[in-house]
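Engineer: predicted model and sequence below, questions to follow.
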Amino acid sequence: MGQKLAADLTWMQAERDHRFGHMNEVFPVHIVHRGTAVRSLLRGAELKLPAGALDRYMVGEHVAGVLVIEDGRIRLERYALGADAATRWTGFSMTKSVTDTLVGAALHAGKIHSLSDPVTRYLPELRGSAYDGVTVRQVMTMTTGVRWHEDYTTADADNVRLYQQQPQPGENSTVAYMRTLQRAAMPGSVWNYNTGETDLLGVLLRRATGESLAEQLSSAIWQHAGMEQDATWIATAKDAEGEEFGGSGLSASLRDWGRLGLWFLDGGKGALDPDWMTEATRAQVEAGKAAYGYGWWPQKNAAGAYDGSFAALGIFGQSMLIDPRRKLVIVTVGDWAQATGADHSAARVAFWRGVEAAVDGELARR
């Protein structure tokens, strides 16, 4: 357990194949406790994809698990790379969608006053930094205007350096690094993908609620969504003084990722305001050719129009697509040969489209 977060970017693929399903053996973690009632996932008839399509996708993209749930029933479930139903696979930046949702839960509970609050209201150490005048909403949408370089191929990127620094005693390591950053644009004017800012949200949540992220996730979601297993969340230390990283580090079984998708599909009843998921999953900001919400990636159809579906995405092939119109949840976990890549992303979207086409074909025949 001596490795620092971001060390996983230097692992060889064989190491990743094993460790992505056993992150608790590499890093300190906090436990996200499940409840007592398990949500049953009944099996429907296996979804008929074109011959060999699933195998080609899993082998070609080095996928460890695929789960397709339609209308509450498992239509596809397949494992590889030594993973099985008990394996807790890392979600990487799928965690961001969860952390942003915990902001919604804290807002619903009155622990956070407003998304328009200045972030310095909760993190006063940031006063006098580039985060002066930045709102909680702008941190969530990554439109703070603060300079940040995210790269998974170099040791000099901010998303690597963040986890290598040695803060002064009593300092929070995330806050200590983020307050050194410079302003690059006016708040709200530019989108820039920034894992450190979702880590910052994690610190904000702990300050606002007095609970760890693992405790918040357990009480808001994990105990109520019918999870089959406890989840784990990478932290700075295993004991209560350790803090989880809001931008990454949550690991769960494939089926529990699926149950989480169903909980989101149901609107997060009880823990979120009724309109939260609609607001969180719409295009809050254009992000290049894509769009970004509150930790979510709104999706477009082949014609380039938003179709109401949304995704949680993580490096090395982690994804959860939620399609309310089709009552569909598609989860993939795995270990791409590279952390990111346009070809990998295109193959994943093609797989999603194949699943959607198969579901549509069935609905047309009913």
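Structural biologist: Sure thing, it's come through. Residues are numbered from 1 along each chain as shown.
Engineer: contacting residues around the residue nearest the centre of the chain?
Structural biologist: Nearest to the geometric centre of the chain sits residue 94, at 1.6 Å (CA atoms, centre = their mean). Going by CB atoms under 8 Å, 6 or more residues apart in numbering, residue 94 touches 250, 257, 312, 313, 314, 318, 319, 320. Yep, even glycine has a C-beta here, placed from its N, CA and C like the rest.
Engineer: look up the closest residue to the last one, ignoring the ones flanking it.
Structural biologist: What that stands for is residue 320. Leaving out its chain neighbours, the residue that sits closest to residue 320 by CB to CB, 6 or more residues apart in numbering is residue 312, at 4.4 Å.
Engineer: which SSE is the one you found in?
Structural biologist: strand 306-314 (DSSP states H and E).
Engineer: direction included, what does the helix or strand following that strand pair up with?
Structural biologist: Sequence order places strand 318-323 as the next helix or strand after strand 306-314, per DSSP H and E. Partners of strand 318-323 in the sheet, by DSSP bridges, are strand 306-314 (antiparallel), strand 328-334 (antiparallel).
Engineer: if you count neighbours, what's buried in the first one?
Structural biologist: So that's strand 306-314. 307, 308, 309, 310, 311, 312, 313, 314 (16 or more other CB atoms under 10 Å).
Engineer: can you list these in a markdown table and add pLDDT and distance to residue 83?
Structural biologist: Shown next, in a markdown table, are the buried residues of strand 306-314 (pLDDT from 0 to 100; distance: CB to CB, whole Å):
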| residue | pLDDT | distance to residue 83 |
| --- | --- | --- |
| 307 | 95 | 30 |
| 308 | 96 | 31 |
| 309 | 98 | 25 |
| 310 | 98 | 25 |
| 311 | 98 | 21 |
| 312 | 98 | 19 |
| 313 | 98 | 19 |
| 314 | 98 | 15 |
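Engineer: residue 333: what's it in contact with?
Structural biologist: 20, 63, 64, 65, 83, 89, 90, 91, 254, 257, 317, 318.
Engineer: A helix includes residue 139, no?
Structural biologist: Yes: applying DSSP: H, G, I helix; E, B strand; the rest coil, one finds residue 139 inside a helix.
Engineer: and the contacts of the helix or strand of the chain with the lowest mean pLDDT?
Structural biologist: Lowest by mean pLDDT, DSSP states H and E among the helices and strands of the chain is strand 285-287, with a mean of 92. Contacts to strand 285-287, defined as CB under 8 Å, 6+ apart, come from residues 141, 142, 143, 191, 193, 291, 292, 297.
Engineer: apply 10 Å and report the result again.
Structural biologist: 138, 141-143, 188, 190-193, 291-293, 297-298 (CB atoms under 10 Å, 6 or more residues apart in numbering).
Engineer: could you point out which of those is nearest to residue 15?
Structural biologist: residue 193 (25.6 Å; CB to CB).
Engineer: so how many other residues sit close to that closest one?
Structural biologist: By the criterion of other CB atoms under 10 Å, residue 193 has 15 neighbours.
Engineer: hang on, isn't it packed against residue 157?
Structural biologist: No: between residue 193 and residue 157 there is no contact under CB atoms under 10 Å: 11.4 Å.
Engineer: what's the overlap in contacts for these two?
Structural biologist: Common neighbours of residue 193 and residue 157 (CB under 10 Å, 6+ apart) are 148, 150.
Engineer: end to end, how far does stretch 180-191 reach?
Structural biologist: By CA to CA, to the nearest Å, the extent of stretch 180-191 from end to end equals 19 Å.
Engineer: for that stretch, buried residues please.
Structural biologist: The neighbour-count check on stretch 180-191 (16+ other CB under 10 Å) flags 181, 183, 187, 188, 191 as buried.
Engineer: residues making contact with that stretch?
Structural biologist: Contacts for stretch 180-191 (CB under 10 Å, 6+ apart): 118-119, 129-135, 137-139, 141-148, 158, 161-162, 165, 192, 194, 196-197, 284-288, 290-292.
Engineer: what about 7 Å?
Structural biologist: With contact meaning CB atoms under 7 Å, 6 or more residues apart in numbering, stretch 180-191 is reached by 130, 133-134, 138, 142-148, 285-287, 292.
Engineer: still on that earlier bit, can I get the buried residues of stretch 180-191 in CSV including secondary structure and pLDDT?
Structural biologist: Below are the buried residues of stretch 180-191 laid out as CSV (DSSP: H, G, I helix; E, B strand; the rest coil; pLDDT from 0 to 100):
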residue, secondary structure, pLDDT
181, coil, 98
183, strand, 97
187, coil, 98
188, coil, 96
191, coil, 97
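Engineer: and these, which is closest to residue 240?
Structural biologist: residue 181 (28.8 Å).
Engineer: helices along the stretch 101-250 of the chain, start to end?
Structural biologist: Per DSSP state H, counting those that start in this stretch, the stretch 101-250 of the chain carries helices over the ranges 136-140, 158-161, 173-178, 195-209, 213-217.
Engineer: so what's the gap between stretch 98-107 and the chain middle?
Structural biologist: Averaging C-alpha positions (CA atoms, centre = their mean, to the nearest Å) puts stretch 98-107 12 Å from its chain's average.
Engineer: just the buried residues of that stretch, please?
Structural biologist: By 16+ other CB under 10 Å, the buried positions in stretch 98-107 come out as 98, 99, 100, 101, 102, 103, 104, 105, 106, 107.
Engineer: the last one: what's it in contact with?
Structural biologist: For residue 107, the contacting residues are residue 115, taking CB under 7 Å, 6+ apart as the criterion.
Engineer: quick check: it vs residue 317, distance?
Structural biologist: 32 Å (CB to CB, to the nearest Å).
Engineer: on that earlier part again, want to throw the contacts of residue 94 into JSON lines with distance to residue 9?
Structural biologist: As requested, these are arranged in JSON lines below (distance: CB to CB, whole Å):
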{"residue": "250", "distance to residue 9": "18"}
{"residue": "257", "distance to residue 9": "22"}
{"residue": "312", "distance to residue 9": "20"}
{"residue": "313", "distance to residue 9": "17"}
{"residue": "314", "distance to residue 9": "13"}
{"residue": "318", "distance to residue 9": "14"}
{"residue": "319", "distance to residue 9": "19"}
{"residue": "320", "distance to residue 9": "22"}
